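Enquirer: build the 3D model from these lines:
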Amino acid sequence: MALLAPLALLAGCGSNVKAFPLQEKFGSTATYSRLFDATPAQTCEAARRALLSQGYIVNTFRTDLVEGQKSFQPEPEAHLQMMIRVVCASESLDGKISLGFVTALQDSYALKKSNNSASVGVGAIGSLSLPFSSSNDAMVRVGSQTITSDAFYDSFFDLLKRYLATDESVGISP
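Expert: Numbers count the residues shown, from 1 in each chain. As a prediction, the model looks like this:
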């Protein structure tokens with residue numbers, strides 16, 4: 001009996017852990033990557049220009065990595081923040097073909113309000129509640145997800161290809 005009590009206690013602790021089904025399925029689809037007839041540096045420069053052309057703030061830019069961020073406010077009490085990361089890797093021995101990997105992450109924020117009231121404790125009288133109240137408003141992250149839409153990535157890659165094909169400053173002529 002004494003041995004069963006700790007086991008029952010451990011079983012009760014383990015029941016609070018929620019199990020989620022496996023979220024990832026590795027496949028051979030090309031949703032997040034494309035091949036380009038350009039060096040990794042040229043591909044990342046075209047990606048930087050594509051992000052800038054859509055109003056993204058570029059936080060990181062290297063010859064092999066670009067990260068950009070943009071904010072949206074679809075409702076007065078909701079805020080979305082999109083972060084796009086592009087990694088450019090060489091795919092050929094001469095370095096003239098690159099593979100661009102793109103991932104977009106969207107964070108969702110909601111306005112949370114908390115009301116505060118004031119009360120004062122006076123030793124001889126007791127506590128006294130005063131009608132002073134205030135509220136604190138804060139944006140709180142309520143969700144985060146990787147964008148999985150093929151159409152989203154197709155449109156980004158189309159824009160990136162346009163900058164590769166038309167911009168001589170990245171070393172590609174029309």
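
Enquirer: now the helix or strand containing residue 88: average pLDDT?
Expert: Taking DSSP states H and E as the definition, one finds residue 88 inside strand 78-90. In this model, strand 78-90 has an average pLDDT of 96.

Enquirer: for it, which strands pair with it and how are they oriented?
Expert: Strand pairing for strand 78-90, determined by DSSP bridges: strand 65-75 (antiparallel), strand 98-122 (antiparallel).

Enquirer: and the ones you listed, which one's lowest on average pLDDT?
Expert: Among the strands paired with strand 78-90, strand 98-122 has the lowest mean pLDDT, at a mean of 82.

Enquirer: CA atoms only: put the strand holding residue 88 into CSV for me.
Expert: Taking Å, rounded to 0.1, in the frame of the first residue of the first chain, the C-alpha atoms of strand 78-90 are listed here in CSV:
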residue,chain,number,x,y,z
ALA,A,78,-5.3,43.0,-33.0
HIS,A,79,-1.8,43.1,-34.4
LEU,A,80,0.1,40.8,-36.7
GLN,A,81,3.8,40.6,-37.3
MET,A,82,5.3,38.8,-40.2
MET,A,83,9.0,37.7,-40.2
ILE,A,84,10.5,36.3,-43.4
ARG,A,85,13.9,34.6,-43.5
VAL,A,86,15.7,33.8,-46.7
VAL,A,87,18.8,31.5,-46.7
CYS,A,88,20.9,31.4,-49.9
ALA,A,89,23.1,28.3,-50.4
SER,A,90,25.3,27.3,-53.3
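
Enquirer: just the buried residues of it, please?
Expert: Buried residues in strand 78-90, counted by 16 or more other Cβ atoms under 10 Å: 79, 81-88, 90. No exception for glycine: its C-beta is placed from N, CA and C like everyone else's.

Enquirer: go on, stretch 47-61?
Expert: For stretch 47-61, the neighbour count (16+ other Cβ under 10 Å) marks 47-51, 56, 61 as buried.

Enquirer: for the helix or strand harbouring residue 152, which outside residues touch it?
Expert: For residue 152, the host element (DSSP H and E) is helix 150-166. Helix 150-166 has contacts (Cβ atoms under 8 Å, 6 or more residues apart in numbering) with 31-32, 34, 36-38, 42-43, 45-47, 49-50, 53-54, 84, 100, 102, 104, 147, 170, 172, 174.
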